[in-house]
Structure formats: structure tokens, C-alpha cells
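Visitor: prediction below, plus the sequence it came from.
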Amino acid sequence: MTQITLIEAIRRGMDEEMARDPRVFLTGEDVGVRGGVFRATQGLFEKYGPDRVIDSPLAELSIVAVGIGAALAELRPICEIQFADFIHPAFNQIVSEAARFYYRTSGAWRVPLVIRAPYGGGVSGGLYHSQSVEAFYAHVPGLKVVIPSTPYDAKGLLKSAVRDPNPVLFFEPKKGYRAIKGDVPDADSPEGDYTVPIGQARVAREGRDLSVYAYGMMAHYSEKAAEIVAREDGIDVEVIDLRTLLPLDKAAVLASVRKTGKALIVYEDNLTMGFGAEIAALIADEAFDSLDGPIRRLAGPDVPGVPYAHTLQEFYMPNPHTIAAAMRDLAAY
Amino acid sequence: MTQITLIEAIRRGMDEEMARDPRVFLTGEDVGVRGGVFRATQGLFEKYGPDRVIDSPLAELSIVAVGIGAALAELRPICEIQFADFIHPAFNQIVSEAARFYYRTSGAWRVPLVIRAPYGGGVSGGLYHSQSVEAFYAHVPGLKVVIPSTPYDAKGLLKSAVRDPNPVLFFEPKKGYRAIKGDVPDADSPEGDYTVPIGQARVAREGRDLSVYAYGMMAHYSEKAAEIVAREDGIDVEVIDLRTLLPLDKAAVLASVRKTGKALIVYEDNLTMGFGAEIAALIADEAFDSLDGPIRRLAGPDVPGVPYAHTLQEFYMPNPHTIAAAMRDLAAY
Amino acid sequence: MTTDALVRASSRLGEQTLLSIYWTMLLSRRLDERAWALHRQGKIHFHISAMGQEAAQVGAAFAIQRGVDYVNPYYRDLALSIAIGITPFDIMMSLFAKQGEYSSGGRQMPAHFNSRRLNLVGGSSVVATQVPQTAGLAFAIKYRQKTGLADPADATQPRVALTCLGEGSTSQGEWHEGMNWAGVHRLPMICLVQNNAYAISVPVDSQMAVANVADRAAGYGIPGVVVDGNDVLAVYDAVREAVERAYAGEGATLIEAKTYRLTPHSSDDDDRSYRTREEVELWKGRDPIPRFRQYLQAEGILSPEQAEAYERRARVEVDSAQAAAEAAPDPSPEEALGAVYAPAEGGS
Amino acid sequence: MTTDALVRASSRLGEQTLLSIYWTMLLSRRLDERAWALHRQGKIHFHISAMGQEAAQVGAAFAIQRGVDYVNPYYRDLALSIAIGITPFDIMMSLFAKQGEYSSGGRQMPAHFNSRRLNLVGGSSVVATQVPQTAGLAFAIKYRQKTGLADPADATQPRVALTCLGEGSTSQGEWHEGMNWAGVHRLPMICLVQNNAYAISVPVDSQMAVANVADRAAGYGIPGVVVDGNDVLAVYDAVREAVERAYAGEGATLIEAKTYRLTPHSSDDDDRSYRTREEVELWKGRDPIPRFRQYLQAEGILSPEQAEAYERRARVEVDSAQAAAEAAPDPSPEEALGAVYAPAEGGS
Ligand SMILES: Cc1ncc(C[n+]2csc(CCOP(=O)(O)OP(=O)(O)O)c2C)c(N)n1
Ligand SMILES: Cc1ncc(C[n+]2csc(CCOP(=O)(O)OP(=O)(O)O)c2C)c(N)n1
Ligand SMILES: [Mg+2]
Ligand SMILES: [Mg+2]
């Protein structure tokens, strides 16, 4: 075990999969000599050469579409979108094409494709370098949507994504790239080649009083908030790190709220139609009888982006203190 | 008052706005001599000429983007997307650009743009001529999302959309284009130039036992289903036709369920993260104390599209009978 | 260029191949005509036609390694798909949307040609999306060759990826991005634009400000070729040259086949608002099928009796395909739910 | 072409204008340098630079009716924006993201130049999106003229729409679609590509397989022009010719200014992994500002004393802009919530 950062875990995941399977290649903007603008692919160009680490033209639609074509031909592309904010030009290819290939050909053609993109706010990136885009894709059957929040999960889920025969969107909470550190088995240790299965949530913290559902950076903040309210208020919060948004681990979502009777969903995306809506709807239907209070959502406000100025950005972003306040409020209901 | 079809109401709405304001123009594929593939623009090319009714190149991204540019220059574009299924190439322009212009320039530039698109299933259109795409856009602050279900509302809402200083997505339930008829005041009558405000739901049917929320074709089906269960089971259903998804008429949503204590949301889009999730989440938070039962959603299954073969299509689509069954089930809870 | 290459590639085609080309065009046409009739009879919901464009499609298909090289077609590629190996029965099953229909199990509308076995990629209805995907297929070909996963000389493996679309669809950004990858990476890719002068009702001069789509190739650093799309051997020659360039590692080609669709856009269309009857008649006079028949007859390759026999055989094939498809069952409703996600490898 | 047109348009520029061009380039540069210094000092989060590209930007700005004709810039257009009328104080307010900051009230990152009053359209950070939007602005110009809402001769109204972007961004489908509209509708539009040879780290030959972006113009039926982007008067001439074509109703032009950025891509970038120091030094020797200064001095338009005075003035302007911005308050948090929807016309 070594403590490594989130981004280092992602880099290792790619490295190991490229070493394992010659069909795995990387493409995206600046992934080559530059090693990616966040350095997620650093060293891979030097190690695997220009045939397998390819600087794409500046055109996300075709980064994804070329990935789709290569996946149809049974290669294993990993496409990097430089910021999740720039995935939108590829929306048509992801939603109309990648997601539907298997279904529309009744299983004849599959698209084993990974699309990686750093997402999320709190990084002084303004409207176009802070976006959370997961809600759009979590609505699209045929896709898988994965968001790791720890280095261990990041590496294990990324390896699962590469081996998955379906298109997987892998969104990385970029604010945590270097801030989040955690234990990851060494590659040459017996557990080195572990994977984390797609489709399973993780109980990040057990608790009896209320359930908090979160992912990415908000999973961390929710854990911190849980510690605050445990210490200061004696409230015992269970934190569920969803890890996979699609397909959703419904059993885990329902099990927790059935135990605690209260649910708070935390996400940094805009409130309305953010992913928390689905969690709330699921619970309000299937765990209605267990509920001891309203289902609450704490999310970004409904404005068209995370603003740049730090005062505005602070105001926009949920943080451990606003989450703790929401926990107290719901616990007191 | 004359009985006209939904599509005729839309055509008249455009015609009247073009007559009223020389800044209004139409563009899209085949909107010119062909009058649109559904004939929504029929006669307008002949009446307003090639300067104001413009056949675009086959490229949705630029249909929208040119609309945005023209709207920035204070024209009033109405852009037709031939099928909602083909709006995806324009996603980036709608979500990153049209929606954010006003906010990102702190109110300096606005985008008074209408994007019309026929949407929905049950028309033997298969995966790519049946899509419901409203959920994607209902997540985007800065946009307005309107879905009329009656000829009266269609004309009145379309006129409001053209006069609105913001980008409005106007999704038309194409299965109802000719099937749905209704009274609309004649253009030369005193009420002829009426508008229907964006942002207000409509109580399509009053009732005490349970609230059903729907829009588009599903609003009609829900009314039919309400009649069935009233007749056969004595269940008194209130049907709310949402009409505007964004901004949502929260007051109307909450008022109804506070009265009835039960909520069913019906939509033909895929279940997961479809618009019903937001209604459910809203109710589960703000009307929790009024609830006498779980919040139910009846929607399309989570498969990547409405299939073509009629047996498969029938299976996919909610209809008055499946809706009636869901009503009975919830009423009995 | 060797002397050999100066000889038209089509001049090396044997009589059997020429007859096979003719047969394919004819069979596609008769099937296509039947589909229109079925639609008029209210037996099927929808049909979209290749009529008039058979030469462009069949000429192209015969120039590749059919069933091996990748083909990413568009909705109009009926004749091309038949040439690749899709059967009249397959097509009839699609038209009637019957259970187990070959392309999608009845999920897609007709004309979404697909066969994993034949490396014919099942597309969407969304125009131009297949172009950058084809760049991806071509990329994969080159990737395997460069990384030693495939032998460039192995003709049992795909060595070129061909895609088709209409001239109108080149207005899409997707097309630009696909062509650009093809150029930058010198991919073994062929983009065949079937320019039939209209995108539904929109004439080509509302679509682009250039005389030829092929003029755009220069912007991608690849050759652009204009060919008479109603001359099947001319198309064969143009595509064959592109195929040889691709096989030789010399990169992509854009080919524009000038042609015309003899029917409305689809069974939902009425073309009278946007095309004069005179124009349509003019092009009926240029129908590629009689034209090729006359050529074959003039060359003594096809006798009038043989031509008649082909007609009879086509009728029988279409009849029996129709009968078999009509007799087939509809998909059962729950089939709507299957095959959303591919199972894990090695898994179930 | 009249004899007049054969004379370089720039030869008709008066001395005051030439000095004004020089001043604008210089002011932009000094401001730009200060921004880098502020970043190194940890006073600001982010800066993206125009250094090296001032000639391309200022030459273009001076060729249009500044403040009237539409300009849809990109993040690198600092010098262009200054030429249009954005002030050093405005820029400093953006860099410090202070309350009421001119472009967005502190919502956007710096370098999102914007002024409704000056018809400078506030863009996103998403490359190439502005190109088809500029086609829309140009479309609106033509629409008003054709439908009688505006007089084509009225110079108080916009008569051309100019947009800029980098060479890498022309790989986007958005660019293709925008250029295509411009061609098909003969729009009064100018697309100025500032080709600085890199898109962050990606060299132009990984971006396209042609020698010049301008080679792509032919595919849209519009003229494509290559110009030395470090020669401010050459850029002026090229853009001026395009402006006159646009004003005369002759349609769009694509202009490619070959240039180089002298800094890393942005304050977040480190360019050492992808550019040699020799290459950067070479281009420092071609810096457009000393080059134009030498020209003005050689022509006797600018004396060394004047040049020194300009430097002092620039320093004073930058100093005082910085001081004023530093003293300004931050936005108050709730400002994050305002201006999501425009109010109804006539409404509040
Ligand atoms: C993205 C998208 N937009 C619109 C359509 C609707 N549509 C189907 S075919 C067609 C015209 C295509 O014209 P062209 O590319 O010239 O091909 P042709 O049909 O003439 O062979 C249109 C507009 C579509 N299928 N996809
Ligand atoms: C759609 C999109 N993808 C990626 C980015 C990230 N990005 C910002 S600038 C840039 C490079 C742009 O290069 P070029 O167009 O040549 O302009 P230059 O910066 O060299 O002036 C990239 C990749 C972006 N802003 N938008
Ligand atoms: Mg066509
Ligand atoms: Mg550049």
C-alpha cells in the first residue's frame, strides 16, 4: 500500500491497462508530450509511444466518434475530454451513437469505450471549467456513468471501465486530483491488479440517524460534515458514496434510508434535475414507508454556471459547513 | 372560436408573430417551399418570401448558432429542428451558449430565440424519430422549456415564446399534431391575439383523490385515463398539465398534491432521470407532510429508444390503460 | 503510376463479375419497387429508396473486399447492402418489422443496414454521425497494422473503411471532423458522397457554395474525385483507385458520385413542391440500370434472353422473400427490454 | 478592381492612426506583461496572453468600424479588445474579479472580452462556438438590409461581423458549419484565424493535413488569404479588403494570420515540454511591436523620445488601472444569483 493522489491513481490505472492489453490506446487534446493539461497521462507517451498515445485534433465530437469507431473494431479506446465542460460538442455521438449501438443492432455491435473527463467546481474555473455534466448522461440507457472519489476506487473503477464492453463515462472530481490522497495497493503486490465493480455504491461511513447520498468531491465533504455533526451535535450520519450513477445501485440506496428513515442528497450540480432528483424519486416511491421526514437536496443553485470570483464561487459551492447545516436541519425534523 | 389541430395552431402562431414583427424569421431544414416535413410552416414561404423563411443547410448546430447570433443582434429567430432526435448536434450551442449568454455577460446580451422541435413516440418512428429530449434541457438554468398539449396553449405559448427575451425550447408532441383538435379564437376576434404565459401549469381536470402530473401527449392520455377510472372505479383524479417544465410552476405542483395527498407523474421519456424525477423530488421535499402514499412514476422503460415494430412500440409507450392501472394502484394504497 | 494503373480497373473485371454487378443493381431495384408497392397497399409503414443511385452504390461495393472491409452505410444504401450480402428476405423482414429481423430485431426503422458478420455497421438515422466513426474504424485498421496486431497484407482482415452519405449531410460538423482525422492520420478511409442534388427538398446550392463536394477534399489534404454516379464502372474505377491507395497506406479519398434519386425522399415525402416533373423525367432517362444493361448487351455480355431471365429471377426472389417475411411472427413485446448493455466478457 | 484598390489601403492611413495602432499594441503588451507579473506574485489566479499576436489583432480591429461592427472575439484577443475600446481598468478588474467587473460582474474568468455598447460579444471559453454565431450576426446584418430594417449605407449600424479563433479551433465542426453558412448566404463576415502554430501543445500538423488554414476557404466558396500576422499593416490591408467586400455585399472572407504566441498557452501552462527554447527565441526576434516601432521610426513617424513617452504613459495607465482595481471590492456573494433570465420586454 502507498498513499497516492487521485490523479496518480488514474494515471496508474491507465498505465496498467495499457501494459495488459495492446488494444488499449489513449487519445485527446494534449495527452501526448504534454501529458494532459492536468498531467493525468504524464509519462505514457514516453512509455507507449505515438501510436498508442495520440494527440487528437481540437474537436471533441471526433475524439469520441473515432473512439466509437475504434471500439466497434474491438480496440479499447480511452478518450480524454480536457474538461467536462467541453464534452457537449460530443453529446450527439455519446447519446445517439455510443449509448444506442448495442440496442439498435440487437447486440451485434458493442462499444467498449471509456471517456474520461475532469469535472466540478471550486477550482476558480468559472462557468466553463467547473461544470458538472453527469446528470445529462445518467439519463441515457446504454451508458454507464462512474464517478470515483478515492484513489483506490478511481484506479479500480477505471480498470473496470476499460474492461467493460459498454461505453463508460468516467468523470473525475478535478478539485480532488491532488487534494485527495489514499491507500492503493502497489501494482506488483498480490492485490495490485484489483478492480472495483461498476454499479456498486460504497458505505463511506455508517450511521443510524440519517442517510446522505453523494459522489465525487461532495462525498468527501459529506464525510467531513458527518464528522462535524457527530462531534458537535451527536448526530450519527450514514454517508453513501454512490460511485456509479448509471446503472444505479438501488439496493444500497434503499437499504440505507430504510435503516435511517431520512435522506439528504448532496451534489454540486444545479439543483433542478440534477442527479439528486433521481435518488429522491426512487426513495419517495420505494422507501416511502420508511421515511421519517422529507427528502432533502443540497446542491448548487439554479444559475448557469459556477462563477469565477471567489466570493461568488464560495456562495455557489456546497461545503462541509453548509452540508452539516442541512444534516442538522433534517435530523431535527 | 374554431376547432383546429395542434399543428395548425402552431402554424398560426408563427404566422401571426411574423405578421406582427418584421424581426421574426424562420429557419430550419425544409421549412421553405416544402413547408416543413410536418407542414408546420406551410404557406409561410409563399407569404413571407425567401428572406424570412430560410431553408438552412442540413446542420442543426448551425441552425441554432445562427439563431443565437441573429438573436444577439435583436432579431427574433424561430429555428425548427426537424425531429427532436436531431437536436443533439446543437447541444453545445444550446447548453453552453444560448442558456448562458445572459448570465455570463451579467445581463448585457440576451438571446431571444425560439427552437421548435417535434418530439415523442408512438408514431412508428423507431429510435431516431421518437425521442423525448426535454429532460436534458429542463436541467439547464437560463433556458425555458415549453411543451403544449392543446391547440389553444400551443398557439398562445408559441406567441409568448417568440416575445420572450430568453431562449425557449418549444417541444411539440408530434403524435398529436393532427390527432389533437381544440378551440382557438380566430385571429381577427377580440381575443385573437391572446398569449398563454410561460411558467404556468394548467389544471386540466380537477379531482380530490390523487394528482397526476403530465405534459404533451401524456397529458391527454392522463385525462383519458382519469375518465376511465372515474367511470369504472369512482376515483377522482386531478390532472395537471405542466405546460412549462422550466421554469417549473412549483406552486401549482404543490397545491394539487397538498389537496389530494397522492402523486403520480406520467411521461413517455425513459424513467430514470426523466422529468418526473424532479417533480417527485420537489414533492418529497416540500409536500412531504401532505403525502398519503408513495410518489409514483409511470414512464417509458430504461431502454435506448422507442423501438419500431408495433408490438415493441406498444410495449414501450404509456397509454390510457396503463395509466389507469397506475392510478388505481396508487388510489388503493 | 504504372502502365497497369492507367488501364481502367474495371476493364479487368470478368464477365461473371460484370453480370453480378448488373444482377445486384437489378435485384435492388425490383426489391425497392416492391417496397413502394407494399407501402401503397398499406402493408408497411415506411420505405426509403435507393432508386437511381444503384450504380454509385454497387460500383463502390464491388471495389472493396466485400464482407471483410468495413462499410458504414447510410439509409439510402439498399443496393450497396445487397451487394455486401444482405438478402431480399432480410430487407423484407425489416420492412415488415418482424421478429428477429436481421438489422435490429425490429427495433430500428427499415433501411438501417447492419451485419456484424459482414462488417457492415448498423447506423442510426442521424446523418453524418457515421463519418467520424468510420475514421475510427480506419484508425483501428491502421493501429493494428502499426502495432503488429495485424498484417497489412492479410486480406482476411479489414484494410479499408468505406462510408457513404448524401451531399446535404456534408454540411454537418461531423463530416468535417471525420474528414479531418482521415487527412491528419492518413487513414485507410473512403468517403463516398452520393450527390443526388437534394436533401429532402433543399437543393445543393442552399447547402454549399461550391460546385462539387469533392472540392472540399483539398481542405483536408486528401484527393477529391468527381465521378458520374450513374455509370457503374466509372464509380467502380474511382473507388477501386481509392481502395488501392488505402491498401497501400496512402490515406483517404473523398469521392463524389453525381446522381439523382428517382423517387421522393421517402414514403413520407411528396417531392412535387420542390422538383419539376421535367427534371425527374430527364433523370429517368439517365437511369443507371438500363444504361448498364445496354452496355452489357452492346458488349455481348448479356443477351436479351438472359436479361429476361434475370428479371424473372428477381421477381421470384422478391416474391418469396415477401411471402416468408409476411408469414413471420411479430416480435414479442418484452423483446423491447433486451440487449441494453453488453454482458461482461467471459460473463453471460 | 480600381487603381485605388491596387494601392495598399494602409498607405492611406494617417500618421495619427499609425501612432494609435502602435500605442494600442504597446498598451496591450504592457498590460499583458503586468498580468503575468501579478500572477507570479500570486495576486491573480489566471491570465491568458496575447503577447506576440498584437499585430494580427490590432491590424484587424483598425480595419473595421470599431465599436459599431460586430466583433466576436476569443480568449486571446486582449489587444483587439483594447483597440475596440476596452480599457486597462476593465482588464484589471477582470483579472482581480472585482465587483461590477465590466465583462460579467466577476462571473467569467478573465479574457472573456465583452461590451454590449461596443458590439463586442461576450463569448464562452468553448472554442469555435462563436464562429457560427458570427454567421448569425452577419445574417442579421444582411437580413435587416434586405428587409428594409436597415440602410446598407448607414455606417452607424453594423455592416460586418468579425470573429477570431486559433488554428486549432478550426478542427471543430462548429467552424465548418459557420463557414458554410457564410459561404452559402454570402454573409458580411470575416473569420480571422490567428495561426500561432500550436493549440496548447498540439502542433498544427497534428491538427490538419494542409499547409494553410486558408486553403480551406475554397471549400466554402469564399476567398482565403494568408497574411504575415506579425506585420500589422499587412493584416490591416488584408482585413480592410475583406471589410470592403463585406460592405459591398460580396460576402465573407477567411483570413489566416501566421503568428506565434510568445508566452505559454496560459498561466496554467508550461510550454517547455512541447516547444524548444530556440523556436521561442526565433519568434521573439520577430516580435511585432519592435518591428512596427522600427518601421515608424524609419518612416520618421515616431521619434525615440515619443516612443519613450508612450512607454511611460503605458506604465502610468497600467499602474493606475491596477491600483484602482486592487482597491475595488469583491462581488457580494448573492450576486451569484442575479441575471439568470432576461426580464420581459416592458417588464421590470
Ligand atoms: C442530423 C439529422 N438531421 C435531420 C435529419 C432528417 N433528414 C433525414 S434525410 C435528410 C436529407 C439528407 O439529404 P442528403 O444528405 O443529401 O442525402 P439524401 O437523402 O439526398 O441521399 C434529412 C434532413 C436527419 N436524419 N439527421
Ligand atoms: C471545445 C473546447 N475544447 C477544449 C478547450 C480547451 N482549450 C482551450 S484553448 C485550447 C487550444 C486552442 O488552440 P488554438 O485554437 O490554436 O488557439 P490558441 O490558443 O493557440 O490561440 C484548448 C484545447 C476549449 N476551450 N474548448
Ligand atoms: Mg442528397
Ligand atoms: Mg493556436
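Guide: Received, thanks. Ligands and ions are numbered 1, 2, ... in the order given.

Visitor: now the strands for the stretch 1-150 of chain A?
Guide: In the stretch 1-150 of chain A, the segments counted as strands under DSSP state E, counting those that start in this stretch are A:2-5, A:24-28, A:53-55, A:76-80, A:114-119, A:144-146.

Visitor: over to chain C?
Guide: Remark: strands assigned in chain C by DSSP state E are C:70-72, C:161-166, C:189-195, C:198-199, C:202-203, C:224-228, C:253-258.

Visitor: if we can go back for a sec, pick out the shakiest of the strands of the stretch 1-150 of chain A, pLDDT-wise.
Guide: With a mean of 94, strand A:2-5 has the lowest mean pLDDT of the strands of the stretch 1-150 of chain A.

Visitor: related to what we said a few turns ago, figure out which of the strands of the stretch 1-150 of chain A is closest to chain B.
Guide: For those, the distance to chain B is smallest for strand A:144-146, at 10.1 Å, taking Cβ to the nearest Cβ. All C-beta atoms are positioned from the backbone trio N, CA, C, and that covers glycine.

Visitor: tell me the strands beside the closest one, with direction?
Guide: Within its sheet, and counting by DSSP bridges, strand A:144-146 is paired with strand A:168-173 (parallel), strand A:244-246 (antiparallel).

Visitor: ok, A:Leu291 to D:Glu241 distance?
Guide: With distances taken as Cβ to Cβ, to the nearest Å, A:Leu291 is found 71 Å from D:Glu241.

Visitor: switch the strands of chain C over to JSON lines; also include mean pLDDT.
Guide: Written out in JSON lines, the entries for the strands of chain C read as follows (pLDDT from 0 to 100):
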{"stretch": "strand C:70-72", "mean pLDDT": "98"}
{"stretch": "strand C:161-166", "mean pLDDT": "98"}
{"stretch": "strand C:189-195", "mean pLDDT": "98"}
{"stretch": "strand C:198-199", "mean pLDDT": "98"}
{"stretch": "strand C:202-203", "mean pLDDT": "98"}
{"stretch": "strand C:224-228", "mean pLDDT": "98"}
{"stretch": "strand C:253-258", "mean pLDDT": "98"}
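
Visitor: and these: which comes nearest C:Arg291?
Guide: The minimum distance between C:Arg291 and the strands of chain C falls on strand C:224-228, with 10.0 Å, by Cβ to Cβ.

Visitor: and the closest one with strand C:189-195, angle?
Guide: 40 degrees (axes from the mean of the first three to the mean of the last three Cα atoms, to 10 degrees).

Visitor: need the contact partners of strand C:224-228.
Guide: C:212-218, C:234-235, C:237-238, C:241-242, C:253-258 (Cβ atoms under 8 Å, 6 or more residues apart in numbering or on different chains).

Visitor: residues touching whichever residue of the stretch 101-250 of chain C sits closest to ligand 3, list them.
Guide: Going by Cβ to the ion, ligand 3 is nearest to C:Gly166 of the stretch 101-250 of chain C, at 3.5 Å. By Cβ under 8 Å, 6+ apart, C:Gly166 lies in contact with C:74, C:76, C:127, C:193-196, C:199.

Visitor: bridging residues for it?
Guide: Here C:Gly166, judged by DSSP bridges, has bridge partners C:Gln194.

Visitor: nearest to ligand 1: which residue in chain A?
Guide: Nearest residue of chain A to ligand 1, counting by Cβ to the nearest ligand atom: A:Asn92, 7.8 Å away.

Visitor: surely that residue is in contact with A:Leu61?
Guide: Yes: at 7.2 Å, A:Asn92 counts as touching A:Leu61 under the criterion of Cβ atoms under 8 Å.

Visitor: quick check: neighbours shared by the two?
Guide: C:Glu174.

Visitor: hang on, the earlier thing: closest to B:Gly207 out of the contacts of C:Gly166?
Guide: C:Val127 (45.5 Å).

Visitor: look at the closest one and say how many residues are nearby.
Guide: Look at C:Val127: counted by other Cβ atoms under 10 Å in any protein chain shown, it has 25 neighbours.

Visitor: close to ligand 3: what parts of the stretch 51-200 of chain C are there?
Guide: C:166-168, C:196, C:199 (Cβ under 5 Å from the ion).

Visitor: ok, back up a step: most tightly packed of the strands paired with strand A:144-146?
Guide: The highest mean neighbour count among the strands paired with strand A:144-146, using mean count of other Cβ atoms under 10 Å in any protein chain shown, belongs to strand A:168-173: a mean of 27.

Visitor: CA atoms only for the helix or strand following that one, dumped as PDB, please.
Guide: Using DSSP states H and E, the helix or strand that follows strand A:168-173 in sequence is strand A:181-184. Output of strand A:181-184 as PDB, limited to C-alpha atoms (Å, rounded to 0.1, in the frame of the first residue of the first chain):
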ATOM      1  CA  LYS A 181      -4.900  11.000  -1.200                       C
ATOM      2  CA  GLY A 182      -5.400   7.500  -0.200                       C
ATOM      3  CA  ASP A 183      -4.000   4.000   0.000                       C
ATOM      4  CA  VAL A 184      -3.700   2.000  -3.200                       C
END
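
Visitor: partners of strand A:181-184 in the sheet?
Guide: Paired strands of strand A:181-184, defined by DSSP bridges, are strand A:2-5 (antiparallel).

Visitor: could you give the separation of the partner strand from the chain centroid?
Guide: Chain-centre distance of strand A:2-5: 19 Å, with Cα atoms, centre = their mean, to the nearest Å.

Visitor: in that strand, what counts as buried?
Guide: Within strand A:2-5, the residues scored as buried using 16 or more other Cβ atoms under 10 Å in any protein chain shown are A:4-5.

Visitor: touching it from outside, list them.
Guide: Against strand A:2-5 from outside (Cβ under 8 Å, 6+ apart): A:12, A:151, A:177-184, A:186.

Visitor: nearest to A:Ile115, out of those residues: which one, please.
Guide: Nearest to A:Ile115 among these, with distances taken as Cβ to Cβ, is A:Tyr177, at 17.4 Å.

Visitor: quick check: closest non-adjacent residue to that closest one.
Guide: A:Ile7 (4.0 Å; Cβ to Cβ, 6 or more residues apart in numbering or on different chains).

Visitor: returning to what we had before: out of the contacts of C:Gly166, the closest to ligand 1 would be?
Guide: For the contacts of C:Gly166, the nearest to ligand 1 is C:Ala199 (3.1 Å; Cβ to the nearest ligand atom).
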